[in-house]
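1. sequence below, structure please.
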Amino acid sequence: MICALLVFAIATYFIYGSFYTSFIQTLICLVIIQVGYFVGVLILVAKEKRQMRATLNFQKDVAPAPEKSVTETISVVAPHSPKLSDF
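-> The predicted model follows:
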């Protein structure tokens, strides 16, 4: 940004031939660049905030799976008696 302002200041000095005019216009350019930068950052933050809200709302819409106890997850196995064919 400083390089751009230096180029702008030098160009306006050569165009108008006045240090005072060049200085005032460079200050105005500085303010315009800063305002543009600030607005750009605000837009990016707002966009990111919208994306985060959309992501969080998507996660809130999905109902959590009901928790099961250990005894519920163990399936009941019928008692096994050894057979002659098992040996």
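
2. so which strand or helix has Q25?
-> Here Q25 is covered by helix 19-61, with elements defined by DSSP states H and E.

3. which secondary structure elements does that helix contact?
-> Using 3 or more Cβ pairs under 8 Å, 6 or more residues apart in numbering; DSSP states H and E as the contact definition, the elements that helix 19-61 packs against are helix 2-16. All C-beta spots, glycine's among them, are computed from the backbone N, C-alpha and C.

4. how about the helix it packs on: buried residues?
-> F8, A9, T12, Y13 (16 or more other Cβ atoms under 10 Å).

5. what's the closest of those residues to S85?
-> Closest approach to S85 among those (Cβ to Cβ): F8, at 95.0 Å.

6. show me what contacts that closest one?
-> In this structure, F8 makes contact with Q25, T26, C29, judged by Cβ atoms under 8 Å, 6 or more residues apart in numbering.

7. kindly report the same for L56.
-> L56 makes no contacts at all, as judged by Cβ under 8 Å, 6+ apart.

8. tell me how far it lies from S85.
-> 59 Å (Cβ to Cβ, to the nearest Å).

9. what's the answer for I28, then?
-> The value you get for I28 to S85, if Cβ to Cβ is used, is 97 Å.

10. the two: who's more crowded?
-> I28 (11 against 5; other Cβ atoms under 10 Å).

11. how much space between that one and T12?
-> Remark: distance between I28 and T12 (Cβ to Cβ) = 10 Å.

12. average model confidence for stretch 12-21?
-> Per-residue pLDDT values across stretch 12-21 average out to 93.

13. now which of the contacts of F8 would you call buried?
-> Q25, T26.

14. I'd like the contacts of F8 as TSV, with distance to G17 and pLDDT appended.
-> Rendered in TSV, the data for the contacts of F8 read as follows (distance: Cβ to Cβ, whole Å; pLDDT from 0 to 100):
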residue	distance to G17	pLDDT
Q25	13	95
T26	15	96
C29	18	95
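
15. closest to E48 out of the contacts of F8?
-> The closest of these to E48 turns out to be C29 (Cβ to Cβ; 28.8 Å).
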